[in-house]
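S.K.: Give me coordinates for this.
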Amino acid sequence: MKIISLFLLLFSNVILANITVENTSVPGGVAVIDFESNHSNPKAFYRTVPLYVQHIKDRHWQVLVGIPLLEKLGKKSITVQGLSTQTLNFEVKKHNYTEQHITLKGKNKKYVNPNLAHMKRINQERPILSKARTVFSDKTLSNGLFSRPVDGITTSPFGLKRFYNGQARRPHTGLDYAGGIGTLIKAPADGKVILIGEYFFNGKAIFLDHGQGLISVYIHLNKHLVKQGQSVKQGEVIGKIGQSGRATGPHLHWGVYLNRTAINPNLFLDEQGL
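M.R.: Got it, this is the predicted structure:
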């Protein structure tokens, strides 16, 4: 096994064919790792999870690794399988996210302390949602950076440490965009609809597959405007903003998953950054 150590520069830019992705090797970020291979279709894995691999030129390839928000800091490694097996190293650096305290009143208190009936529904929905987040299709469907799904201002950034009625919950795994009920939501890139439905916390939701474990998610919708299995193009309307599920007001929660990991959607936008 050939060992190759790569020391990544935090926040440096790299070119991925027609995509420029910012190397942000922090929890919730994306590590971008260069390697060389004569293989026509090398595969890469973080632990046992398949990764997004993109050909640059000649023997030059790159891997995109989504880093979990709760990942421990320090040195990590991936494996690349081609004509030989390579181990590529990277380091996860510290990044501080801010806190947000939210008060839910009246009927919305059920989203803080769900009763037995709600828990039964939540437990039934978990494997459905988990399966959608773990889809890995070999074909890359998107071509280029994402565009914004809506034009509203960002009301809650990615990575917020959230507290509902004083109780700590998981960090915010997406971006919240302000918008009135019925505001149109557009696909940020070419993709395929892999899940639509209505869920306890998410409300009405849509999941799009963009290929190689790159998934985008749209929740708290008022209406779906696409069907299961439908192919969509960048800019095509897919739904409308709403206030369904655990939402204190009408808005779009937009999430992006890479190798089953919630990462900052801003890193795939034209205007990148944490």
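S.K.: and residue 196, that's in a helix?
M.R.: No. Using DSSP: H, G, I helix; E, B strand; the rest coil, the assignment for residue 196 is strand, not a helix.
S.K.: Return the residues in contact with it.
M.R.: Applying Cβ atoms under 8 Å, 6 or more residues apart in numbering to residue 196 gives the contacts 204, 205, 206, 207, 224, 226, 227, 228. Glycine gets a C-beta too; all of them are placed from N, C-alpha and C.
S.K.: From those, keep the buried residues only.
M.R.: Buried positions within those, assessed by neighbour count (16 or more other Cβ atoms under 10 Å), are 204, 205, 206, 207, 224, 226.
S.K.: out of the residues you listed, who's nearest residue 30?
M.R.: residue 207 (19.5 Å; Cβ to Cβ).
S.K.: Surely the closest one touches residue 215?
M.R.: Yes. With contact defined as Cβ atoms under 8 Å, residue 207 reaches residue 215; the gap is 6.1 Å.
S.K.: what is in contact with those two at once?
M.R.: Residues touching both residue 207 and residue 215 by Cβ under 8 Å, 6+ apart: 132, 133, 194.
S.K.: count of residues packed around the last one?
M.R.: It stands for residue 194. Applying other Cβ atoms under 10 Å, we find 18 other residues in the vicinity of residue 194.
S.K.: Also residue 237?
M.R.: Close neighbours of residue 237, defined as other Cβ under 10 Å, add up to 13.
S.K.: in terms of contact, does it touch residue 186 like I think?
M.R.: Yes. Shown here, residue 237 and residue 186 form a contact pair, counting by Cβ under 8 Å, at 5.7 Å.
S.K.: returning to what we had before: which among the shared contacts of residue 207 and residue 215 gets closest to residue 255?
M.R.: Of the shared contacts of residue 207 and residue 215, the one sitting nearest to residue 255 (Cβ to Cβ) turns out to be residue 133, at 9.0 Å.
S.K.: State the distance from the closest one to residue 195.
M.R.: Residue 133 is 9 Å from residue 195, where distance means Cβ to Cβ, to the nearest Å.
S.K.: do the same with residue 177
M.R.: On the measure of Cβ to Cβ, residue 177 and residue 195 end up 20 Å apart.
S.K.: For the stretch 1-150 of the chain, give me the ranges with low pLDDT.
M.R.: In the predicted model of the stretch 1-150 of the chain, residues 1-19, 100-113 satisfy pLDDT under 70.
S.K.: Going along the chain, name the strands of it.
M.R.: Taking DSSP state E, counting those that start in this stretch as the test, the strands found in the stretch 1-150 of the chain are 2-5, 13-16, 19-22, 30-36, 43-46, 49-50, 52-57, 60-66, 74-81, 85-92, 99-102.
S.K.: With respect to burial, which of those scores highest?
M.R.: Counting by mean count of other Cβ atoms under 10 Å, strand 60-66 has the highest mean neighbour count of the strands of the stretch 1-150 of the chain, with a mean of 22.
S.K.: Dump the C-alpha coordinates for it into CSV.
M.R.: Coordinates of each C-alpha in strand 60-66 appear next as CSV, following Å, rounded to 0.1, in the frame of the first residue of the first chain:
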residue,chain,number,x,y,z
HIS,A,60,-4.8,14.4,-12.1
TRP,A,61,-7.9,13.6,-10.0
GLN,A,62,-9.5,15.1,-6.9
VAL,A,63,-11.7,13.8,-4.1
LEU,A,64,-14.3,15.8,-2.2
VAL,A,65,-14.8,14.7,1.5
GLY,A,66,-17.7,16.1,3.5
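S.K.: And it, what does it pack against?
M.R.: Contact here means 3 or more Cβ pairs under 8 Å, 6 or more residues apart in numbering; DSSP states H and E; on that basis strand 60-66 packs against strand 13-16, strand 30-36, strand 52-57, strand 74-81, strand 251-258, strand 261-263.
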